[in-house]
Structure formats: C-alpha cells, structure tokens
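> Fold the following and give me the result.
(2 chains)
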Protein chains: 2
Amino acid sequence: MSRETGARIVVPVALEGRGYDIHIGRHQLCEAAALIAAFAPGARAALVTDESVAALHGAAFETCLQQEGIAATRITIPPGEASKSYAQFVALCDALLAAKIERNDLVIAFGGGVVGDLTGFAAAVLRRGVRLIQVPTTLLSQVDSSVGGKTGINSPHGKNLIGAFHQPALVIADTALLDTLSEREFKAGYAEVVKYGLIDDPAFFDWCEANWSRVIAGGPERDHAVAVSCRAKAAIVARDEREEGDRALLNLGHTFAHALERLTGYDSRRLVHGEAVAIGLALAFRFSQRLELCSGQDAGRVARHLDHVGLPSRLQQVPGGAGSAEEILAAMAQDKKVKRGALTFILARGIGKSFIAPGVAAEEVKGFLEAELAANGAAH
Amino acid sequence: MSRETGARIVVPVALEGRGYDIHIGRHQLCEAAALIAAFAPGARAALVTDESVAALHGAAFETCLQQEGIAATRITIPPGEASKSYAQFVALCDALLAAKIERNDLVIAFGGGVVGDLTGFAAAVLRRGVRLIQVPTTLLSQVDSSVGGKTGINSPHGKNLIGAFHQPALVIADTALLDTLSEREFKAGYAEVVKYGLIDDPAFFDWCEANWSRVIAGGPERDHAVAVSCRAKAAIVARDEREEGDRALLNLGHTFAHALERLTGYDSRRLVHGEAVAIGLALAFRFSQRLELCSGQDAGRVARHLDHVGLPSRLQQVPGGAGSAEEILAAMAQDKKVKRGALTFILARGIGKSFIAPGVAAEEVKGFLEAELAANGAAH
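Reported below is the predicted structural model:
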C-alpha cells in the first residue's frame, strides 16, 4: 500500500526483484537529490534533460545534486517529439559513453515524456543496461510515461516501435514543477489522469468531475490525482509488466489517439498526445455505446467532463480536420496486423468498466467513424 | 542433461521461464527449418544474413523454410565487424519493420557473430522485443556468441557498448556449415573452444590436445567440441545470466584480447577476435605464472597447444606489432573505470582453475607486459 500522509506520497511498484518507489510531492528538487544520494551515495550520474527544462530548472537541480555529493554531467537534447529519433538516440548513447557512465552509475531523465522515453531507452541498452532514475517534469510523464518501464523511440514506420522494457530504479514526481507548464500542456496530461478513472475506478472519475479545477490550480488535489494515477498504473504494471494481457487496458482511447496523431503528422501545433487521447477516450465510449455495450449516459458524461476541462472530445475538433473514416481506419491499421478484418480495441461497459475486445470488425469501426464525422458538431 | 547420441546433440539452456535448446549436428539446414516450423508453425519470419553466407547457403535455407511453410523475408547486411554499427542497426530495424515483423513473428539470425550480435540486438528492441532464432554459421558463433543472450553493436567509444540481454528462443548449430570456413576463421573460433577447458574443465583441455586436428577435419569430434563448449557456456549463463558474478569467467583472455583488437584498429587482416583471444589466453596464464598463482608447466602447455593448432600465443605475433606496454595498458583501461589503479582480470591457478581477480594493480600488468615484449620471441 502507498502512504498519503501530508507532504510526500510514496507509491511502490511491486515487481519481483526490481520493485521501486514513486515519490510524489511539491518542491522536491532538493529532496529528489537527497533521495538519489541515499539510493546511490557518491554516484557518478548523467543528467539528461531538454533545453526547455534545462532553462527553467537545470541549474537548481544541479546545485541540489552537487550538495548531495552526486557528480552529474548534464546532457541536453532539443525539446519535442522529433527528439525520439534514431539520430538523437545515437547522440545520447555516445554522450553517455563520453561521460564515462558505467554499469553502476546513474542516468537521470529530467523532463517530460520525450526525455523519459529516449533517455530510458538509452539507459536500457548502454552497456546492456544501466540504472535509470526518472524525474518527470510534466503531468503526462508524472502520471504515465515515467512509470512502468516502457521506453523507446520512433521510427519512420511509426511511434515507439524501437524500445525496451527497462524499469526505473526510482521515480520522483515534483508536482511543483508542473506550475511552469502551459495550460494546454497541463490539460493534455490531465486526459491520462481521467483515463485511470474510466478504466476501472468510477469513484475516481466522480472525484475528477468534482475536483478537476483544483488539480489544475495545484493544491493537494493535484498530488492526490498524480498519486491515484501512479497507483493505478503501478497495479496494472505489477500484474502484467510486458503487456501480455491486462496492461493493454492502459491503451483505452489510444488506438483512436495514435491514428489522429499520425494523421496530423505528429504536429504538436495541431494536436498533442493528451489531446488526441481525450478525443480517443470520448470515441471509445461512444463506440461502446454504438455497440450497445455502454449507456449513452456514461458516454455523455465522459465527453462532458472533457468539455468542461477544455479538452477536445470530437473528431471535428482536430485542427485542420481528422480525415475521412477510411483514412482514420487505415491509420489505425498501419502498424498493426489486421487479423481477418478485425482489430483489438479497449471498449467499456460503462465508466470504470473497460475491457480488451480483440475481435472488433474493421467495418464496424468504419461505420462508427462515418457516423461521428456526419454528426457535424451536434451536441452529445 | 544434454543428449549426445548419434547424429544430433541437444543442449538445454536452463533459464527460468526463458529456457531454450541448442541443437548441434551435421547437415541440419532442412532440419533447422523443420525445428523452426515445429516451434512456430506457419510463422512469419525475417531471415537476416550477410552477403557471404547468403551466397553460400541463403537459397538452400530459404528453400527449406519454404517447404516447412515458413514465409521468410531475406534481409542482407554487409559482412564484417563494421556492420555492428549504429547505421546498420537503424537500417536493420527499419527493414524488419518494412517486413511487418510483429511481436509474435520470428527473427532468424543466419551468420557469424556479427550477424548474431546485430540481429539479436535489433530483435531485442523491435517493438520492445520479438523472438529470435540463432542459426550460427561459424565456429566462433556456434560455441560462443549465439548462446547466452548477449547482443549488441559497437560505438566509436568501444566494442559492444550498446546492446541488450535477449535470449534466443532456439539455437541451431549445423556443424557442416563450418566446412566452408577458411582455415584461419575456423582456428580463430577454436580459441574459444580451448577457453572452456582452461576455465574449469581440465579433462576437456586434455581432450583438445589429443583431438584438435579431428575437430578441424570435421568428424564427430567437431560436434563433440561444439557440444561441450555450448554445455559449458549454458551452465555459466544459467548461473549468472547478467554477468553479476561467475559469467565474467567467460572473459578469460579477453581483457588482453580486446586491447589488442583495439590497438590493431579492429582490422581483421591483422588480427581477428579469436586470434586475439588465443594470445590473451596464453598471456592470462603467463601472467598468472608471474604472479606465482600458476605453474610454468601449465602456462607452457597452454601456449604449446595454441602453437600446435597454428594460433598465435605471443604479443610479438601481432602483425605490425601490438604497441608498447603503456599503450596496451591504456587500451585495456579505456572503456573501464580503473578503480584506484586496479583492474579486474580472469586469472588461473592452473589449467581448468580460473577465477575472477578484481584487484590487479595496473603496475603489475605493466611490468608483465614489458617482460613479455622484452622476451623477444624466446621460446616458452
């Protein structure tokens, strides 16, 4: 069980022989350094970050690390999804080798999902694996990508196609760092928070409806939302680390989302991941409704909550348009085998009642998308 | 226990949940295809090989695979160590993705150590891990690199610095394929065979002294030598998959060898890995003798056996020269932390009595190398 008493929340991830803790709380940068020093006293480390995070928090964190006796070499990558590339991977590996990082040293990923995914992958394969510490700086990475060990980069063939399962040795989520996020980026991360309620925790979805504005404002509700999300993810990862079963539930909304990201050319000016997930969540519930699995009331609640928060919930809200039903379907199938015209989806029998549906007919999906596009902005 | 009854020898590698078999025997290419088909009926596969192996055996193996109902896409890389590069890794990953290889498909590495190391690494990280089958075509890869799950590529900072532990699902060593190796390449692989006797199996070293010419000639002795080597490696890997202890014994001779390869610029015209290992084995024993750990008689036997086989055993035999004692020491230390002037070596108290020696003073090594270089070709 995790503790949630006052200033700091500790969520353990129970993995045989490779378990680790997620520390959640405000103003932890120097505490983070102390935790790292307690974990590996006097360690040599590489601090990998991007230019944006470096400008805001780089010097502060380095000072904390220095005070704790951690000698860290800073390695900075350009911000943005384009850094999850082969070229940045090669450059980062060689930078870590130039910094003489060996098997008992530390690699600290200090940034959002891009920094965490790229750095985690480099740490996974450097000398066949060195210890990784995640210090996520965005809501998205605090509640999702920094936990669970999925690391990777993109290929011209698709996102996250090259990577490794490499569990961090420690995750430190300083929720005060989120104060510097843009509203748009914060809300995008919030879509993943809502997802945990929708997967299997209807009471948390109720809580989100009542408390979302306080999560954004940054009170103890924010820490609570991060902690509940991490606990939910930790529980699923502990059951199914390598996504051979249950872990696929975390993809709720993501089959639609990935297609939309692909169709908008991964252009963050048009659509960021969390926005695509928000639309994907609403679509997953309306698709479940169409398949007569889920009530229209529940599907409506999901979309309404996203609307209240200021997140998109319909294909029509994709700037520049999402494409035709055929294009969206093709984008969904592009990097996956379509077995006899069937796709695997995460569907729901209601809020908090999601499940893996392996045999959804492509024709059903196409009909649904056509109906969605024809609805032409009609209210839910 | 492995079976060694007649035509085919099966050596199991006992790894909890990820155990696999090594099949050893002559004329197995169509048997290999049958084993693969039995393992994954009707699988989609990528057959990764190099231009040399493709020219000799590619069509034959593909015909066998086809007959067994395995649809394989051939991917060919240039031969030679230079292919263990970032560039070839990226090209191979994208070729595997273009071939639509997914998590339940197969990647078959059909070649020597370079093909196996590069392909194994790509399989380890493609979609965070797909199944790998090793069909090694050189003695070196049959007795060493195809077994145990170490995969990787080189960086400008050094060899095998980027990689993963990714155990194959099946290894098939067709010893008839070794008939097409050059004598030089065969003998180089033989250095790794001898190594297993020197590590902890003095009776096998006796056997090697008596039977080496028949191993080269290709009788049942060859299959036996491959089987004993695989069994020895399998036992060590089962005890210590990730080289946190015992597995380091497999590096007997390799600290010297890697330095010599580095100093000869990884130029296979000057020195191939197995030749460097041969010199390294002789040096490890003479160094152990100098440290009064091992008798001069045993050190002499090691060098004499290598001489008989036609393998080098002295620094003076490095074409173009090995460099000075300082240069060799620097090359040994280059990609490893030297802790307070001490290096980790594998030393020996006699033939079959090797052990890990973590605190060898760099000064001791330097003195030994100076003495070796000064010996100026004197007989052992």
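
> in the stretch 251-380 of chain A, which ranges drop under the pLDDT threshold?
Across the stretch 251-380 of chain A, the ranges flagged by pLDDT under 70 are A:335-340, A:376-380.

> which stretches of it form strands?
A:342-348, A:354-361 (DSSP state E, counting those that start in this stretch).

> Of all the residues in the first one, which ones are buried?
If I follow you right, that is strand A:342-348. Across strand A:342-348, burial judged by 16 or more other C-beta atoms under 10 Å in any protein chain shown covers A:342, A:343, A:345, A:346, A:347, A:348. Where C-beta positions appear, they are placed from N, C-alpha and C, glycine not excepted.

> Spell out which residues make up each domain of chain A.
Domains of chain A are assigned by automatic domain parsing as A:3-180, A:183-375.

> what's the closest of these to residue B:91?
With respect to residue B:91, and counting by C-beta to C-beta, the nearest of the domains of chain A is domain A:3-180 at 9.8 Å.

> What average pLDDT does the closest one get?
Domain A:3-180 shows a mean pLDDT of 94.

> and what of stretch A:196-205?
Here the average pLDDT along stretch A:196-205 is 98.

> How far off centre is that stretch?
Relative to its chain's centre, stretch A:196-205 lies at 17 Å (C-alpha atoms, centre = their mean, to the nearest Å).

> if we can go back for a sec, and the domains of chain A as JSON lines, adding distance to residue B:326?
Formatted as JSON lines, those follow (distance: least, C-beta to C-beta, whole Å):
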{"stretch": "domain A:3-180", "distance to residue B:326": "20"}
{"stretch": "domain A:183-375", "distance to residue B:326": "48"}
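
> Nearest to residue B:40, out of these?
Using C-beta to C-beta, the nearest of those to residue B:40 is domain A:183-375, at 14.9 Å.

> how long is that closest one from one end to the other?
By C-alpha to C-alpha, to the nearest Å, the extent of domain A:183-375 from end to end equals 29 Å.

> Write out the residues of chain A neighbouring chain B.
For chain A, the residues in contact with chain B (C-beta under 8 Å from any C-beta of the partner chain) are A:86, A:90, A:93-94, A:97-98, A:100, A:102, A:121, A:124-129, A:150, A:152, A:155-158, A:161-165, A:242, A:335-337.

> From these, list just the buried residues.
A:86, A:90, A:93-94, A:97, A:121, A:124-129, A:150, A:152, A:155, A:158, A:161-165, A:335.

> Those residues in strands, which ones?
Members of those lying in strands (criterion: DSSP state E): A:150, A:152, A:155, A:158, A:161, A:162, A:163, A:164, A:165.

> Could I get the contacting residues of the last one?
For residue A:165, the contacting residues are A:124, A:149, A:150, A:151, A:241, A:242, B:128, B:129, by C-beta atoms under 8 Å, 6 or more residues apart in numbering or on different chains.

> Just name the closest of these to residue B:300, please.
Distance to residue B:300 across the contacts of residue A:165 (C-beta to C-beta) is lowest for residue A:124, with 45.1 Å.

> burial count for the nearest residue to that closest one once chain neighbours are set aside?
Excluding the flanking residues, the one nearest residue A:124 by C-beta to C-beta, 6 or more residues apart in numbering or on different chains is residue A:166, at 3.4 Å. Neighbourhood size, residue A:166 [other C-beta atoms under 10 Å in any protein chain shown]: 22.

> ok, now which ones touch residue A:166?
Residues near residue A:166 by C-beta under 8 Å, 6+ apart: A:120, A:121, A:123, A:124, A:129, A:132, A:149, A:151.

> buried sites along the longest helix along chain A?
Criterion DSSP state H: the longest helix present in chain A is helix A:220-239. For helix A:220-239, a neighbour-count test (16+ other C-beta under 10 Å) marks A:220-234, A:236-238 as buried.

> That helix to strand A:158-165, inter-axis angle?
Interaxial angle, helix A:220-239 versus strand A:158-165 (axes from the mean of the first three to the mean of the last three C-alpha atoms, to 10 degrees): 70 degrees.

> quick one: residue A:289 and residue A:302 touch, right?
No: assessed by C-beta atoms under 8 Å, residue A:289 is found out of contact with residue A:302, at 9.8 Å.

> Counting neighbours, go ahead and name the busier of those two.
Neighbour comparison, residue A:289 and residue A:302: the larger count goes to residue A:302, with 28 against 22 (by other C-beta under 10 Å).

> Identify the residues contacting the closest residue to the more buried one other than its chain neighbours.
Spatial nearest neighbour of residue A:302, chain neighbours left out: residue A:285 (4.6 Å); criterion: C-beta to C-beta, 6+ apart. Applying C-beta under 8 Å, 6+ apart, we find residue A:285 in contact with A:198, A:294, A:298, A:299, A:302, A:303, A:348.

> just the strands in the stretch 51-200 of chain A please.
For the stretch 51-200 of chain A, the strands defined by DSSP E, counting those that start in this stretch occupy A:71-77, A:106-111, A:131-136, A:150-155, A:158-165, A:170-174.

> So in that sheet, which strands flank the shortest one, and in what orientation?
Using DSSP bridges, strand A:170-174 pairs in its sheet with strand A:20-25 (parallel), strand A:131-136 (parallel).

> what's the angle from the last one to strand A:106-111?
Just to be clear, that refers to strand A:131-136. 20 degrees.

> Keeping just the C-alphas, turn strand A:131-136 into PDB.
Output in PDB follows, covering the C-alpha atoms of strand A:131-136 (Å, rounded to 0.1, in the frame of the first residue of the first chain):
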ATOM      1  CA  ARG A 131      20.300   2.300 -13.700                       C
ATOM      2  CA  LEU A 132      17.700   4.900 -14.600                       C
ATOM      3  CA  ILE A 133      16.100   7.500 -12.400                       C
ATOM      4  CA  GLN A 134      13.000   9.300 -13.700                       C
ATOM      5  CA  VAL A 135      12.400  12.800 -12.600                       C
ATOM      6  CA  PRO A 136       9.400  13.700 -14.700                       C
END
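
> List of residues touching it?
A:32, A:36, A:39-40, A:45, A:61, A:104-113, A:116, A:119-120, A:123-124, A:141-142, A:145-147, A:166-174.

> number of nearby residues for the nearest residue to residue A:371 once chain neighbours are set aside?
Nearest non-adjacent residue to residue A:371, counting by C-beta to C-beta, 6+ apart: residue A:290, 7.2 Å away. Counted with other C-beta under 10 Å, the neighbours of residue A:290 add up to 16.

> Residue A:26 against residue A:32, yeah?
No: using C-beta under 8 Å, residue A:26 makes no contact with residue A:32, being 11.8 Å away.
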